[in-house]
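S.K.: Pasting a predicted model and its sequence here:
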Amino acid sequence: MSSAAQHFDVIVIGGGHAGTEAALAAGRLGADTLLLTMSCDTVGVMSCNPAIGGVGKGQIVREIDALGGLMGRAIDAAGIQFRMLNRSKGPAMYSPRAQADKQDYRRFVKLAVEEAENVSVRQETVVSLVVDGDATADRQVSGVKVADGTVFHAPAVVLTTGTFMAAVMHTGEAKSKGGRAGEGSSSGLSGALRDLGFDLARFKTGTPCRLHGKSIDWAACEPQPGDEDPQPFSFLTDRIAQPQIDCYLTGTTPAVHDLIRANLHRAPMYSGAIHGTGPRYCPSIEDKVVRFADKSSHQVFLEPEGRDTHEVYCNGISTSLPRDVQEELVRGIRGLEKAQITRLGYAVEYDFAPPTQLKNTLETHRVAGLYFAGQINGTTGYEEAGGQGLLAGANAALAVAGKEPLVIERDEGYLGVLIDDLVTKGADEPYRMFTSRAEHRLTLRQDNADRRLTPLAARVGLVGAKRIAQLERHSAEIARCEAFLSAHWVDGKTLAERLRRPDVTTESFETMPEWRAERFEPRAAEQAAISAKYAGYIARQATEVKKAKRWGAVRIPDGFDFAAVEHLRHEAREKLGQVRPADVGQAGRISGITPADLSVLVVALERAG
Ligand code: FAD
């Protein structure tokens, strides 16, 4: 018999980046939420690199923050170096990135989860799911079972197991079970998911060795300082006050590449020991040496793992080569001739669930109330995981409360692009975000994430009064600045028109006493200036979005039988049946679906409707 204390509204499995955002979002919406994780000590752990953000990813962190999530505030508190990347490419491409003190980051996240209203945390390993109903069509999750057989009940479960399902770690010929160095593997869940009919596949990822900073010859490396005016990630943080730390740059040499080539047969990826596909955009050093054979050097960024440790992360030489090769490899790098390894690099191979098995709410098609988020969906990266977690947790809580789901469209956020790509196209390789994946990137900027998404979050109750008031103040200040730019003229042109010239910025107006007298808030002035500068492009993009939305408005009912649509090509039936798109717009984005297929589908929907 289960006690009342074991009944919850939402259960989240996993305390990583997806799981913590999921639990916090569900809790913010008032759902009685239980977070179950393999170890309470690893809640919020950064498994690999000590950094948050970057190109495409920094925008996601700003969006998580705009939706009331934690990641932005955590990195603002735990950051040790902040940089705005892509400054030379124009504001649409600006991407914030920060190095983190890993332990501070983990502590911040863990404490936030412990202090969150409606959220309880327990150290438990989940081994299976409790699902009611036997016909595929009406299966409904009702709880989870943990290692000692205890069952926790909830009508919604969010699974965020990261790199842990059936995980195997490799360092050269050495193999061990586990999703992260020093931790175990989660073995029961893969079987439980397969029994429910889910497809699972294998991906791999890797991490570089860590070095003792005192053994590095820093003078031989090139310092990489942070920005002089560090910009916060969270819209609630006024400024970054803590001092910043330098990173350093060095590089591999031809001798290092020769060493790697000579030992490729001992690298698990090449010896055949690993079958999973690795991240193309974050390759191991052995992959780089093979794929870019003509390059004589690859960059290695030396990134401190924190303020109160000497450990240093070697960004750029992720590897699963054997121990002896790693030792020699490191010592072949300039500045690292005497470096001592504190932790060896390794690769991890794990099960993921191809994400075309999900709706755009991240609920599975197969089992009602069961949601997947994070690395389990074939993505890689803390930011991608955090964003999915937030939306899965929110949607789980909204569904339990009988409310409409929160779905972000492709033109509203990178998170919309991420989820639409996953559920529509799947993941043939670990998926990470890039600005090039977003067709509306002129409007999906890091600077305006709050204006794009906080109103959506407010509508469902995900953000509090403080954030809403802050956005209102900010929007009013932008409007005041825009009005000024349209009402002031210089040489026959308004200031807004003058801003369209590439060499004109608001700094050019600093000589005007009227501009100075207004004392516009800098962030608001920057946004007003961006809107003026790109006004023509933004208007054109809005027309395209409107056109694309026409198809998006044609909904496809849940359970619609694509196989029964007459005149639909066999391939189209198969693909539509597999992805089960929510609307005709999504159907059109499935690879291999033609405009002619859409016309047939629309006619069938009209007949059915
Ligand atoms: P995780 O952060 O892995 O969290 C999973 C959580 O689930 C953990 O708390 C775990 O304890 C818990 N859990 C698992 N199974 C159970 C269970 N049965 N019961 C209860 N709790 C459970 N990202 C990059 O962007 N680039 C990289 O190069 C990169 N390299 C990586 C290398 C390694 C070796 C590893 C381990 C990860 C790497 N990552 C990399 C990935 C990055 O760590 C993840 O993208 C991110 O942490 C995913 O977040 P998540 O919340 O989905 O999963």
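M.R.: Arrived safely.
S.K.: Look through the stretch 151-300 of the chain and state the residue closest to the ligand.
M.R.: At 2.0 Å from the ligand, Gly162 is the closest residue in the stretch 151-300 of the chain, using C-beta to the nearest ligand atom. C-betas here are computed from N, CA, C, even on glycine.
S.K.: ok, and what's touching stretch 302-312?
M.R.: 49-51, 80, 99-104, 210-214, 216, 221, 245, 247-250, 313-315, 335, 342-343 (C-beta atoms under 8 Å, 6 or more residues apart in numbering).
S.K.: just to revisit the earlier point, let me know how buried the residue of the stretch 151-300 of the chain closest to the ligand is, in neighbour terms.
M.R.: 25 (other C-beta atoms under 10 Å).
S.K.: That one contacts Ala18, doesn't it?
M.R.: Yes: between Gly162 and Ala18 there is a contact under C-beta atoms under 8 Å: 7.2 Å.
S.K.: shared neighbours of those two, which are they?
M.R.: Gly374, Gln375, Ile376, Ala385.
S.K.: Among these, which are located in helices?
M.R.: Ala385 (DSSP state H).
S.K.: Widest-spaced pair of the shared contacts of Gly162 and Ala18?
M.R.: Ile376 and Ala385 (9.0 Å; C-beta to C-beta).
S.K.: which neighbours do those two share?
M.R.: With C-beta under 8 Å, 6+ apart as the test, Ile376 and Ala385 both reach Ala18, Thr160, Gly162.
S.K.: want to throw the residues you listed into a markdown table with distance to Asp32, secondary structure and pLDDT?
M.R.: Below are these laid out as a markdown table (distance: C-beta to C-beta, whole Å; DSSP: H, G, I helix; E, B strand; the rest coil; pLDDT from 0 to 100):
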| residue | distance to Asp32 | secondary structure | pLDDT |
| --- | --- | --- | --- |
| Ala18 | 20 | helix | 98 |
| Thr160 | 18 | coil | 98 |
| Gly162 | 24 | coil | 95 |
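S.K.: Go through these and name the one nearest Thr505.
M.R.: Nearest to Thr505 among the shared contacts of Ile376 and Ala385, with distances taken as C-beta to C-beta, is Ala18, at 38.8 Å.
S.K.: Can you name the residues that contact Leu35?
M.R.: Ile11, Val12, Gly15, Gly19, Thr20, Ala23, Val43, Val113, Val119, Ser120, Val121, Arg122.
S.K.: hmm, try it at 7 Å
M.R.: Each residue near Leu35 by C-beta atoms under 7 Å, 6 or more residues apart in numbering is listed here: Val12, Gly15, Gly19, Ala23, Val113, Val119, Val121.
S.K.: Hmm, Ala572 is touching Ile593, no?
M.R.: Yes: using C-beta atoms under 7 Å, Ala572 is in contact with Ile593, at 5.8 Å.
S.K.: list residues touching both of those two?
M.R.: With C-beta under 7 Å, 6+ apart, Ala572 and Ile593 have no common neighbours.
S.K.: where does the residue in the stretch 401-550 of the chain positioned nearest to the ligand fall, phi/psi-wise?
M.R.: In the stretch 401-550 of the chain, the residue that lies nearest the ligand is Arg432 (6.0 Å; C-beta to the nearest ligand atom). Main-chain dihedrals, Arg432, degrees, to the nearest 10: phi -130, psi 160.
S.K.: for Ser47, same thing?
M.R.: According to degrees, to the nearest 10, Ser47 has phi -70, psi -30.
S.K.: State the three-state secondary structure for the closest residue to it other than its chain neighbours.
M.R.: Excluding the flanking residues, the one nearest Ser47 by C-beta to C-beta, 6 or more residues apart in numbering is Arg180, at 5.2 Å. The three-state label given to Arg180 by DSSP: H, G, I helix; E, B strand; the rest coil is coil.
S.K.: ok, Arg180 to Leu70 distance?
M.R.: From Arg180 over to Leu70 the distance is 21 Å, taken as C-beta to C-beta, to the nearest Å.
S.K.: Between these two, which is the more surrounded one?
M.R.: Leu70 (24 against 21).
S.K.: Which residues are in contact with Gly378?
M.R.: By C-beta under 7 Å, 6+ apart, the neighbours of Gly378 are Phe203, Phe352, Pro354, Pro355, Ala427, Pro430, Tyr431.
S.K.: what are the phi and psi angles of it?
M.R.: Per degrees, to the nearest 10, the backbone of Gly378 is at phi 90, psi 10.
S.K.: helix or strand for the nearest residue to it once chain neighbours are set aside, which one?
M.R.: In this structure, Gly378 finds its nearest non-sequential neighbour in Ala427, 3.2 Å apart by C-beta to C-beta, 6+ apart. If you go by DSSP states H and E, Ala427 is not part of any helix or strand.
S.K.: Arg343: how many residues sit nearby?
M.R.: There are 15 residues near Arg343, going by other C-beta under 10 Å.
S.K.: Read off the pLDDT value for the closest residue to it other than its chain neighbours.
M.R.: Counting by C-beta to C-beta, 6+ apart, Arg210 is the residue found nearest to Arg343 once chain neighbours are left out, at 4.4 Å. pLDDT for Arg210: 97.
S.K.: any idea how far Arg210 lies from Thr435?
M.R.: 30 Å.
S.K.: got it, and Tyr382?
M.R.: From Tyr382 over to Thr435 (counting by C-beta to C-beta), the distance is 18 Å.
S.K.: More neighbours: those two, which one.
M.R.: Tyr382 (27 against 21).
S.K.: one step back: assess the claim that the residue of the stretch 151-300 of the chain closest to the ligand and Gly179 are in contact.
M.R.: Yes: Gly162 is within contact range of Gly179, at 6.4 Å (criterion: C-beta under 7 Å).
S.K.: And the helices in the stretch 1-150 of the chain, which stretches?
M.R.: 17-28, 57-66, 71-78, 102-115 (DSSP state H, counting those that start in this stretch).
S.K.: Also the stretch 301-450 of the chain?
M.R.: Counting by DSSP H, counting those that start in this stretch, the helices of the stretch 301-450 of the chain are 323-331, 382-400, 414-425, 449-460.
S.K.: Deepest in the core, which of those is it.
M.R.: Counting by mean count of other C-beta atoms under 10 Å, helix 382-400 has the highest mean neighbour count of the helices of the stretch 301-450 of the chain, with a mean of 30.
S.K.: and that helix, anywhere near the ligand?
M.R.: Yes: counting by C-beta under 6 Å from any ligand atom, the ligand has neighbours in helix 382-400: Tyr382, Ala385.
S.K.: quick one, that helix and helix 71-78 angle?
M.R.: Going by axes from the mean of the first three to the mean of the last three C-alpha atoms, to 10 degrees, helix 382-400 is angled at 140 degrees with respect to helix 71-78.
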